[in-house]
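Novice: Below is the sequence, then the predicted model.
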Amino acid sequence: MRKVTLITILGLSMSAFGQTPIAPTTVPYNDVTHKNKTAAITTKSGLVLEGKVNYNEYGDGDIHFFQEGKDPIHFETVDTLVSMAIAGRGVFEAVSVNNSEYKTMALVLEDTDGYKIYQKCSAGQGLLGYKISGGNLQGEYLLYLYHKRKNVMYAKKDVKKIEKTIGEYIDYCDEITEKVAKKEKGYKANLMKPDFDVLKKAILESETTCP
């Protein structure tokens, strides 16, 4: 009887309570770790420095910069840098992804007349540091849109029901906001074209329609 009860309990724990666990989101560790990589850094004072860089995209790691024949420089990204170009990776800019005073380095994925798209690696830190296994870092890429005209940053995860909220993003071009609100062709969010992509199109079109 005890065996039956035990099996039943285990069965419940695996089915009702323990459905197949969702695998943690991971990113390739080598993609977000840069050791001794060729880089060009632009500082707030206008200096452009070329050399080698050590930098981790995950977390809020500082930047260690090396120039031949000179002492290493330790940059605190919050106060000192404007941008950093890493060979083979792209250009990072010091931005506030949460519209706060705090800044971090984020990779520029797109740069258009109306917006920039930034990518930021986010990783959870446990008691023993960041979780790295099998060549992957436990974390995810987060996307942000910087609206140049409004000078505001939007997280992709927060852009929802765009047909009802478009006026919050574009309050200067009724012709475009009406197309989004009416879900006209090309301005309707769906599985193939999520709200974030509709917002990008609307901003670009507004720059042409309502310059």
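Specialist: All right, it came through fine.
Novice: ok, longest helix in this protein?
Specialist: Secondary structure of the chain per DSSP state H: the longest helix is helix 195-209.
Novice: And the contacts of that one?
Specialist: For helix 195-209, contacts defined as Cβ atoms under 8 Å, 6 or more residues apart in numbering pick out 112-115, 117, 143, 145, 147, 149, 154, 156, 159-162, 166, 169-170, 172-173, 175-177, 179-180, 186-189. Every C-beta, even on glycine, is put in place using the N, C-alpha and C of the backbone.
Novice: again, but for stretch 123-134
Specialist: Pro24, Val27, Tyr29, Tyr58, Gly59, Leu137, Gln138, Gly139.
Novice: I'd like to know how many residues surround the fourth one.
Specialist: As a burial measure, the neighbour count of Tyr58 was computed by other Cβ atoms under 10 Å and equals 22.
Novice: From the contact counts, what lies against the host helix or strand of Ser83?
Specialist: Using DSSP states H and E, Ser83 sits in strand 81-86. Counting contacts by 3 or more Cβ pairs under 8 Å, 6 or more residues apart in numbering; DSSP states H and E, strand 81-86 packs against strand 33-43, strand 48-56, strand 90-95.
Novice: outside of the following helix or strand past the shortest one, which residues touch it?
Specialist: What that stands for is strand 90-95. Downstream of strand 90-95, the first helix or strand assigned by DSSP H and E is strand 104-111. The contact list for strand 104-111 (Cβ under 8 Å, 6+ apart) reads 55, 57, 60, 63, 77-78, 81, 84, 89-97, 116-120, 143-144.
Novice: buried residues in stretch 199-211?
Specialist: Within stretch 199-211, the residues scored as buried using 16 or more other Cβ atoms under 10 Å are Leu199, Lys200, Lys201, Ala202, Ile203, Glu205, Ser206, Glu207.
Novice: which ones are touching Phe75?
Specialist: Counting by Cβ under 8 Å, 6+ apart, Phe75 has contacts Ile41, Asp62, Ile63, His64, Phe65, Leu81.
Novice: which of the residues you listed has the most neighbours?
Specialist: Counting by other Cβ under 10 Å, top hit in the contacts of Phe75: Ile41 with 23 neighbours.
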